[in-house]
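1. would you be able to build a 3D model of this:
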Amino acid sequence: MQKGIIGKKIGMTQIFDETGKVIPVTVIEAGPCVVVQKKTVENDGYAALQLGYGDVKVQRVNKPMKGHFAKADVACKKTLKEFRLDDCDSLNVGDIVKADTFAVGDAIDVVGISKGKGFQGAIKRHNQHRLKETHGTGPVHRQAGSMGACSSPSRIYKGKGMAGHMGAEQVTVQNLEIVKIDTENNLIAIKGAVPGPKGGIVYIVDSVKA
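-> Here you go, the predicted structure:
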């Protein structure tokens, strides 16, 4: 990848283009991120940059992380993320990465943690339909229904859609478009929706399918 940055989801709004068309956008506060560590092929076997985002009080960081930040001579950061960029040599430890690393019209992928939905039934979780509500179905018309075959194979196949914990997992939305960038406030407006709640941490990288 050529570019990558850590950001925080601010929320959704809409903007108008030159023709007056409404574009739904998600606003991301992208950066400023500081380079905390630089990995090289000689020392680590691969080239990558570790970026830090969001200031945090020193007393909220454990001793190993304090030493990690002290070695880089940067302030303690709340979120760390490694990016394997093609041109890692262009940045050094302590450099700042801001929203202007991207440009309007860039195709990007956004990675985030989806909203947690708690324990949900098979209808909400897997889009299964209800059982009939007549002829003695009883009070189970929202349950999963038949689970599998009889004496053979005498078990339920793996992957069966059942009730369980829903959401709160890593989701990647691919091939989104950057509509607007506010470099002064480090804000990026992305066309469409991105995973996670307001205030959630997201990672923006170049699209792999552009």
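2. ok, longest helix in this structure?
-> Of all the elements of type helix in the chain, the one with the most residues (DSSP state H) is helix 63-72.
3. skip ahead from that one and say which helix or strand is next.
-> strand 77-83 (DSSP states H and E).
4. tell me the strands beside that next one, with direction?
-> Looking at strand 77-83 with DSSP bridges, its paired strands and their directions are strand 48-55 (antiparallel).
5. any idea of the angle the strand it pairs with forms with helix 63-72?
-> Orientation note: strand 48-55 sits at an angle of 110 degrees relative to helix 63-72 (axes from the mean of the first three to the mean of the last three CA atoms, to 10 degrees).
6. I'd say Met1 and Cys88 touch.
-> No. Distance between Met1 and Cys88: 10.8 Å, which falls outside the contact criterion (CB atoms under 8 Å). In this view, the C-beta of every residue, glycine as well, is placed from N, C-alpha and C.
7. what residues are up against the spatially most central residue of the chain?
-> Among the residues of the chain, Gly112 comes closest to the average C-alpha position under CA atoms, centre = their mean, at 1.4 Å. Contacts for Gly112 (CB atoms under 8 Å, 6 or more residues apart in numbering) come out as 9, 170-171, 194-196, 200-203.
8. tell me the pLDDT of the nearest residue to Lys191 once chain neighbours are set aside.
-> With sequence-adjacent residues excluded and distances taken as CB to CB, 6 or more residues apart in numbering, Lys191 is closest to Glu177, at 4.6 Å. Looking at Glu177, its pLDDT is 94.
9. next, the contact list for Asp55, please.
-> By CB under 8 Å, 6+ apart, the contact set of Asp55 is 75-78.
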